[in-house]
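1. Any chance you can model this:
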Amino acid sequence: MQQPETSVPSDIVDQAVRWAVKLDFGEGNAAAQKAFGQWIDASPLHRLAWQRVQDLKDDFSRMPPALALDTLKAVSDRRGTHRIKRRQALKILALAGVSVLAAGTAHERAPWQRLLADASTATGEQRTVQLDDGSTIVLNTDTAISTSLRAERRVVTLRRGEILVATGHDSRIATARGAARPFWVETPFGGLHALGTRFVVRLEAGRARVSVLEGAVALHPANGRADDSNANVARPGTSWWLAPDGSTPAPARPFTEDGWAEGVIAGNDMRLSDLLAELSRYRSGRIVCDPRVADLRVSGAYQVGDTDRALAFLAQAQPIDIRYRTRFWVSVGPR
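-> A predicted model of the protein is given here:
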């Protein structure tokens, strides 16, 4: 007679999912491995949950990488507005593991980071998070963060996307010395020490763009020293690139760095192709710009919450034609 399957509580399933994603996606350092070993040894149910995660990954190992990535993105986008069941989360995890091994492009293409996040947004969604220390974090489209307000410092980890940070004064909880805890934003490319400030951080390919609106931010590349005396300091009105091996000034952009937090892309003398690239971040699919109209100059404020309306307005104001080949494929060319 077949024995009934042992039930695993949902909170332990969640823990197993998080451990698997951490270890599979580059967070398996010595400290993480030690903590994972302690978690596994703490309960037979932990071992059982972990084994089922591994079994699911084996089951999905034959899936074509492109299909795995597309499925992961579709279900993860759904998770932004509807909380998925634990079993679905396990399948997503399995797909994520397959995509890393087979495709090697999950970090860029598949939003697995949302499985690790404390807060996230789907494509086209924005969200404001208030921390207990009085800080405010605004998440832009397709963004994921984790937060940790520790005894010695406050940390926000930007896993994907873009955030606007307004640091609080930490009046509720302070260190034993009576001083406010340092506020850090951690990225895959290095850390940012906020020196009482308001700033935007956006992850791009191989680097992060840091734009300071108020106060100052000390930039700490991942491969550099962690003390502020050795760091470049970004001042108000400046933007910097933060890469693993260093930080350098970034050129100004034609649109305001924090306009998206007000729901708009606003600027003067913007290249049409640059504006369309920004608008495309707020919709599923692609907006393709014909090189013949890429250098047209546009000005104004364009609503990110209704990209179809923004495209229609552009078609009225510029000598361009907007063609919807599908809901997810829009071509912009000369009229």
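
2. show me where the stretch 51-200 of the chain has helices.
-> Secondary structure of the stretch 51-200 of the chain (DSSP state H, counting those that start in this stretch): helices at 65-79, 86-102, 106-109.

3. Residue ranges of each domain in this protein, please.
-> 10-115, 119-249, 259-334 (automatic domain parsing).

4. okay if I get those domains as JSON lines plus mean neighbour count and mean pLDDT?
-> Every residue, glycine included, has its C-beta placed from N, CA and C. Listed next are the domains of the chain as JSON lines, based on neighbours: other CB atoms under 10 Å; pLDDT from 0 to 100:
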{"stretch": "domain 10-115", "mean neighbour count": "17", "mean pLDDT": "61"}
{"stretch": "domain 119-249", "mean neighbour count": "18", "mean pLDDT": "89"}
{"stretch": "domain 259-334", "mean neighbour count": "16", "mean pLDDT": "94"}
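
5. in terms of contact, does Asp142 touch Arg160 like I think?
-> Yes - between Asp142 and Arg160 there is a contact at 6.8 Å, judged by CB atoms under 8 Å.

6. Distance from the chain centre to stretch 150-169, please.
-> 13 Å (CA atoms, centre = their mean, to the nearest Å).

7. do the same with stretch 294-301
-> For stretch 294-301, the distance to the chain centre is 27 Å (CA atoms, centre = their mean).

8. now stretch 284-297
-> Distance, centroid of stretch 284-297 to centroid of chain: 25 Å (CA atoms, centre = their mean).

9. And the contacts of it?
-> Here stretch 284-297 makes contact (CB atoms under 8 Å, 6 or more residues apart in numbering) with 77, 123-124, 269-273, 276-277, 279-280, 311, 318-320, 326-334.

10. Just the terminal-to-terminal distance for that stretch.
-> 25 Å (CA to CA, to the nearest Å).

11. Can you tell me who the spatially most central residue of the chain pairs with across the strands?
-> With distances taken as CA atoms, centre = their mean, Arg160 lies nearest the centre of the chain, 1.8 Å away. According to DSSP bridges, the partner residues bridging Arg160 are Ala144.

12. How about the one 5 residues further on?
-> Residues found in beta-bridge contact with Val165 (criterion: DSSP bridges) are Ile137, Phe199.
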